[in-house]
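**Student:** can you look at this prediction? I've put the sequence above it.
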2 protein chains.
Amino acid sequence: MAKDKLIGVDLGGTTIKFAILTDQGEIQQKWSIKTNILDDGAHIVPDIVESINHHLDLYQLDKERIIGIGMGTPGTVNREMGTVTGAFNLNWKTEQPVKADIESGTGFTLTIDNDANAAALGEAWKGAGNNDDDVSFITLGTGVGGGLLANGKLIHGTVGAGGEVGHMIVEPDGYLCTCGNRGCLEQYASATGVVHLAQNIAEEYVGSSKLKKMIDNGEEVTSKIVFDLAKQGDFLANKVVDKVAYYLGYATAIMSNILNPSAVVIGGGVAAAGEFLRARVEEHWTKFAFPTVRHSTRVKLAELGNDAGVIGAASLARITA
Amino acid sequence: MAKDKLIGVDLGGTTIKFAILTDQGEIQQKWSIKTNILDDGAHIVPDIVESINHHLDLYQLDKERIIGIGMGTPGTVNREMGTVTGAFNLNWKTEQPVKADIESGTGFTLTIDNDANAAALGEAWKGAGNNDDDVSFITLGTGVGGGLLANGKLIHGTVGAGGEVGHMIVEPDGYLCTCGNRGCLEQYASATGVVHLAQNIAEEYVGSSKLKKMIDNGEEVTSKIVFDLAKQGDFLANKVVDKVAYYLGYATAIMSNILNPSAVVIGGGVAAAGEFLRARVEEHWTKFAFPTVRHSTRVKLAELGNDAGVIGAASLARITA
């Protein structure tokens, strides 16, 4: 029987998403389970194995048709060994032999990469990247991550730190980052970065603004609130959004000048602000992009939403197979 | 007879360098001819053909042993068509069918890429890159160019503008660049950029300095003079070098954070300043590099000098073969 199905697993700190896809990347089944991080995350891998085996039974899918399993995970991935370290939101405190355990539990080959790389592959394959060989992906969430495709392959670099676009310095001597450096993009364009910027800009702002009032009253401000207020015309919120867009435009232009992708795709929770954010990022990007790049690279929004992870994960299995 | 020889051609505005190499990248013969840019550069390709054929006869090398010819050229290269446009220093005013003409004139397959990419391949293969799969190369000459290898392949991007590291913006609203943008690295780290910086910094400097005197007297200052004076302890010249090193450290750190190469290799005329420049670049780079990158990527000087071009060109033929 011809092998024509892929399994994609998107492992996150709250849920584990699964999908069965055709080898053309069409999702045929998807489901999810809660991530059980108790007991140092010892249940996670057994739960994944059990859930895959159970659903293959449930859908009465012949195991012979499965090309393999691909998985995106938090933490640092040793792709050759198939192990994961430093996935703190999974409570994994030691190196986890994820590949060995899932392979022995399911009988399928597992290919594993970090979650941002998996999402990048998903968007590149079936989303905003149009299946092009050169696609850059940046995801704006709690942190800022990325995945970069050149010549159809992810850029991992010599020890796997390739694509760490969240730690590009966009403001020398700027905000202190968790990585120890100052002025990383992550400090300005992640959900917390947007709020940090809002607080700082609010301090110097004296005009009338609902955002200013909220901050002064000590109300909880989120990046979503900042963007929503900006859309409603709040002056201060718009100043914040423009600053965020400036940094994103600057960073994506540098990525574009270096990689000349067909698209820089912006995804993640902060990108839920949609065209309102994209258009402003593009405005700044246009100023910083090299002319040839300006006319060949496009700034786009991600298109797959939550499915990017499982689709990209499945794509990992496809690339290896 | 086994094919085991490569021909590398490094086409420049003043000379055309040639080499015959083993398929392991050892140069066995090299020679060069002057570039005749008369008659809209119409002699260049015939001269290349004639010189290759003549030297193969001279060395009595069996044509059957040649794997192919690789060539690095100025201008914009259409790699598939094998044509070159915009090579103004060759006087080529229209699109040149370089591949077709050289192939028909020599009987060998020609692979062509731009000169910075060829030099990058050379350094990656036989120079400071140690034949690693992930190597970034930046060349500081009249302009600033680059070539980036990821997963063992050059990053060309969607229309070939990948690796345009000279046009990374390092100083928003900085010096106006020939590309129309402001603050491109090329304006600070090319030979002319160094002199421009020196003139600007000299204006605000009031202490004693030989460099200051030369500039005030309208004497011709070159980047070599700036570096030589800095090595001799001239205070102003050292301020200039430190600023150049800051911009290079910043730009190479961003490249490193994005690509995590095993080495960022600095070459070109300005890099003749050697360890004096490299050590200072690394100092700034260290501040801007992501911790994982800081411990896995190295800042190195190019090692092949003028041979990088022919070796990398030969490597182009090897990759295609």
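**Tutor:** Perfect, thanks for sending it. In this text, all values refer to a predicted model and were calculated from it rather than measured experimentally.
**Student:** pull the CA atoms of the helix or strand harbouring residue A:149 into CSV?
**Tutor:** Assigned by DSSP states H and E, residue A:149 belongs to strand A:144-150. Taking Å, rounded to 0.1, in the frame of the first residue of the first chain, the C-alpha atoms of strand A:144-150 are listed here in CSV:
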residue,chain,number,x,y,z
VAL,A,144,9.5,36.5,19.3
GLY,A,145,10.6,33.5,17.3
GLY,A,146,11.2,32.7,13.7
GLY,A,147,12.0,30.2,11.1
LEU,A,148,13.8,30.9,7.9
LEU,A,149,13.7,28.9,4.7
ALA,A,150,16.4,29.3,2.1
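**Student:** what helix or strand is residue A:46 on?
**Tutor:** helix A:44-58.
**Student:** ok, residue A:284 to residue A:244 distance?
**Tutor:** Using Cβ to Cβ, to the nearest Å, we find residue A:284 at a distance of 10 Å from residue A:244. Where C-beta positions appear, they are placed from N, C-alpha and C, glycine not excepted.
**Student:** if you count surrounding residues, which of these two has more?
**Tutor:** residue A:244 (28 against 23; other Cβ atoms under 10 Å in any protein chain shown).
**Student:** and for the residue in the stretch 101-250 of chain A positioned nearest to chain B, the neighbour number?
**Tutor:** Of all residues in the stretch 101-250 of chain A, residue A:157 sits closest to chain B, at 2.4 Å by Cβ to the nearest Cβ. Using other Cβ under 10 Å as the criterion, residue A:157 is surrounded by 27 other residues.
**Student:** skip the chain neighbours and tell me the closest residue to it.
**Tutor:** Among residues not flanking residue A:157 along the chain, residue B:260 sits closest, at 2.4 Å (Cβ to Cβ, 6 or more residues apart in numbering or on different chains).
**Student:** one step back: I'd say the residue of the stretch 101-250 of chain A closest to chain B and residue B:150 touch.
**Tutor:** Yes. Applying Cβ atoms under 8 Å, one finds residue A:157 in contact with residue B:150, separated by 7.4 Å.
**Student:** which neighbours do the two share?
**Tutor:** B:134, B:259, B:261 (Cβ atoms under 8 Å, 6 or more residues apart in numbering or on different chains).
**Student:** contacting residues around the first one?
**Tutor:** The contact partners of residue B:134, taken as Cβ under 8 Å, 6+ apart, are A:155-158, A:162, B:149-151, B:259-262.
**Student:** how close does it sit to residue B:265?
**Tutor:** From residue B:134 over to residue B:265 the distance is 12 Å, taken as Cβ to Cβ.
**Student:** likewise residue A:256?
**Tutor:** Note on residue A:256: its distance to residue B:265, by Cβ to Cβ, is 23 Å.
**Student:** again, but for residue A:51
**Tutor:** With distances taken as Cβ to Cβ, residue A:51 is found 47 Å from residue B:265.
**Student:** number of nearby residues for residue A:315?
**Tutor:** With neighbours defined by other Cβ under 10 Å, the count for residue A:315 comes to 27.
**Student:** please tell me the pLDDT value assigned to it.
**Tutor:** pLDDT, residue A:315: 96.
**Student:** what's the answer for residue A:321, then?
**Tutor:** Predicted confidence (pLDDT) for residue A:321: 57.
**Student:** ok, back up a step: after the strand holding residue A:149, which helix or strand is next? Please name it.
**Tutor:** Past strand A:144-150, the next helix or strand by DSSP H and E is strand A:153-154.
**Student:** mind listing the strands the helix or strand harbouring residue A:33 pairs with, and their directions?
**Tutor:** In the assignment (DSSP H and E), residue A:33 maps to strand A:27-34. The pairing partners recorded for strand A:27-34 under DSSP bridges are strand A:15-22 (antiparallel).
**Student:** buried sites along the strand it pairs with?
**Tutor:** If you call a residue buried by 16 or more other Cβ atoms under 10 Å in any protein chain shown, then strand A:15-22 has these buried ones: A:16-21.
**Student:** dump those into JSON lines; add pLDDT as well.
**Tutor:** As requested, those are arranged in JSON lines below (pLDDT from 0 to 100):
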{"residue": "A:16", "pLDDT": "98"}
{"residue": "A:17", "pLDDT": "98"}
{"residue": "A:18", "pLDDT": "98"}
{"residue": "A:19", "pLDDT": "98"}
{"residue": "A:20", "pLDDT": "98"}
{"residue": "A:21", "pLDDT": "98"}
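**Student:** chain B: which of those residues is nearest?
**Tutor:** Checking those against chain B by Cβ to the nearest Cβ gives residue A:21 as the nearest, at 24.6 Å.
**Student:** so the closest one touches residue A:27, yeah?
**Tutor:** Yes. Applying Cβ under 8 Å, one finds residue A:21 in contact with residue A:27, separated by 5.3 Å.
**Student:** now for those two: what residues contact both?
**Tutor:** By the contact definition Cβ under 8 Å, 6+ apart, residue A:21 and residue A:27 are jointly contacted by A:310-311.
**Student:** need phi/psi at residue A:84.
**Tutor:** Phi and psi for residue A:84, reported as degrees, to the nearest 10, are phi -130, psi 130.
**Student:** partners of it in the sheet?
**Tutor:** Note on residue A:84: beta-bridge partners by DSSP bridges are residue A:77, residue A:96.
**Student:** can you point out the buried residues in the helix holding residue A:46?
**Tutor:** A:44-45, A:48-49, A:51-52, A:55-56.
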